[in-house]
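1. here is my input; please provide its structure:
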Amino acid sequence: MQTEIPALQPGPHDPSLRPAIIIPVYNHGRSIALVARNAQQLGLPVIVVDDGSTDSTAAELDTLQGIHVLRHNENQGKGAALLTGFRAADRMACTCAITLDGDGQHDPLDARNLLAAVEDGKRCIVIGRRQGMDHLVHVPWTSKFGRKFSNFWVWASGGPWLADSQSGFRLYPLPEVLGLDAVARRYQFEVEILVLARQRGIAIKEAPVKVIYQEKGKRISHFRPCLDFLRNSRTFSRLIWSRIFSLFRP
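-> You can find the predicted model right below:
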């Protein structure tokens, strides 16, 4: 059943912000239509980037009206899908992008919390800090451990100290984030962008959001613990060495 969400009204957020919702998706055919419809009720442009899905995702998206759908011919990674969405939103003259995952773990209504965290139009990244991750029944231990692991290594790489560096529910300023030139194109994009943003003086904040984890067997995750652990290690190693070398540059 579709959750009714009232359209986004002028609130405590800066009225000069022109946000777009960006949803990267890969093989989430069971959830993407509901996620997109709920996001659409915020009254903001909604851009869905289908990152080469091979299940029913494309067919589900074809049933929706009023959604901007972009497609990669083959899977390129979440970071690549986000960049495709950022460029599209920038061309639409949007000044910021609110990203959320296509698996249904985020409540689009919480976008208001992210917008409210932007004060006086100051350009910043806002991360949706997922509430109750340590106590929810269906949250796998890999997600709990991975969040703490990532928090520490983002900080060690020169990024800010955060409570939830792995949350995909975020607000990014445009076009600033496009100018950060992140190298990673998969999940690691989201941690690299935090380190680069701090180095360029872009403020990073957190705001509370809800999180919904389906029980095991119903939730589809594309996170592969071993492979993504190696990819994370490679990204953090690159960022740490870059930070060390920068100390010796004239």
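
2. what comes up buried for the top helix by length along the chain?
-> In the chain, assigned by DSSP state H, the helix with the most residues is helix 225-246. Within helix 225-246, the residues scored as buried using 16 or more other CB atoms under 10 Å are 228, 231-232, 235-236, 239. (Glycine included, C-beta is placed from N, CA and C.)

3. could you find the lowest-pLDDT member of those?
-> Lowest pLDDT of these: D228, 78.

4. do you know the pLDDT at the closest residue to A33 other than its chain neighbours?
-> Leaving aside its sequence neighbours, A33 sits nearest to E60 (CB to CB, 6 or more residues apart in numbering; 4.4 Å). pLDDT, E60: 97.

5. is it true that E60 lies in a helix?
-> Yes. According to DSSP: H, G, I helix; E, B strand; the rest coil, E60 belongs to a helix.

6. OK, contacts around it?
-> 29, 32-33 (CB atoms under 8 Å, 6 or more residues apart in numbering).

7. for these, which one is nearest D90?
-> Set against D90, the nearest of the contacts of E60 by CB to CB is I32 (23.2 Å).

8. wait, the closest one touches G102, no?
-> Yes. Using CB atoms under 8 Å, I32 is in contact with G102, at 4.9 Å.

9. more crowded one of these two?
-> Neighbours were counted for I32 and for G102 using other CB atoms under 10 Å; G102 has more, 30 against 27.

10. and S53, what pLDDT?
-> pLDDT, read off for S53, is 97.

11. count the neighbours of it for me.
-> 21.

12. now N73
-> 7.

13. show the pLDDT at it.
-> At N73, pLDDT is 97.

14. that's a helix at A207, yeah?
-> No. Using three-state DSSP, the secondary structure at A207 is strand, not a helix.

15. list the contacts for the residue nearest to the spatial centre of the chain?
-> Taking CA atoms, centre = their mean, the centroid of the chain lies closest to G168, which sits 3.0 Å from it. G168 makes contact with 78, 99-101, 106, 190, according to CB under 8 Å, 6+ apart.

16. hmm, A156 is touching W241, no?
-> No. Judged on CB under 8 Å, A156 makes no contact with W241 at a distance of 11.9 Å.

17. quick one on the thing from earlier: measure the residue nearest to A33 to A88 for me?
-> Distance, E60 to A88, by CB to CB, to the nearest Å: 20 Å.

18. per-residue confidence at D50?
-> 98.

19. on the three-state scheme, it is what?
-> Taking three-state DSSP as the rule, one finds D50 in the strand state.

20. neighbours of it, how many?
-> 25.

21. what's the angle from the least confident helix or strand in the chain by mean pLDDT to helix 225-246?
-> For the chain, the helix or strand with the lowest mean confidence is helix 141-156, at a mean of 84 (criterion: mean pLDDT, DSSP states H and E). Inter-element angle recorded for helix 141-156 and helix 225-246: 10 degrees (by axes from the mean of the first three to the mean of the last three CA atoms, to 10 degrees).

22. which secondary structure elements does helix 141-156 contact?
-> helix 189-199, helix 225-246 (3 or more CB pairs under 8 Å, 6 or more residues apart in numbering; DSSP states H and E).

23. endpoint to endpoint, stretch 101-120 covers what distance?
-> 28 Å (CA to CA, to the nearest Å).

24. what's in contact with stretch 158-167?
-> Taking CB under 8 Å, 6+ apart as the rule, stretch 158-167 contacts 127-130, 133, 143, 146-147, 150-151, 154-155, 190-191, 194-195, 197-199, 204, 206, 209, 239-240, 243.

25. any quick ChimeraX command for the buried ones out of those residues?
-> Buried subset of the contacts of stretch 158-167, written as a ChimeraX selection, criterion 16+ other CB under 10 Å:
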select :127,128,129,130,133,143,146,147,150,151,154,155,190,191,194,195,197,198,199,204,206,209,239
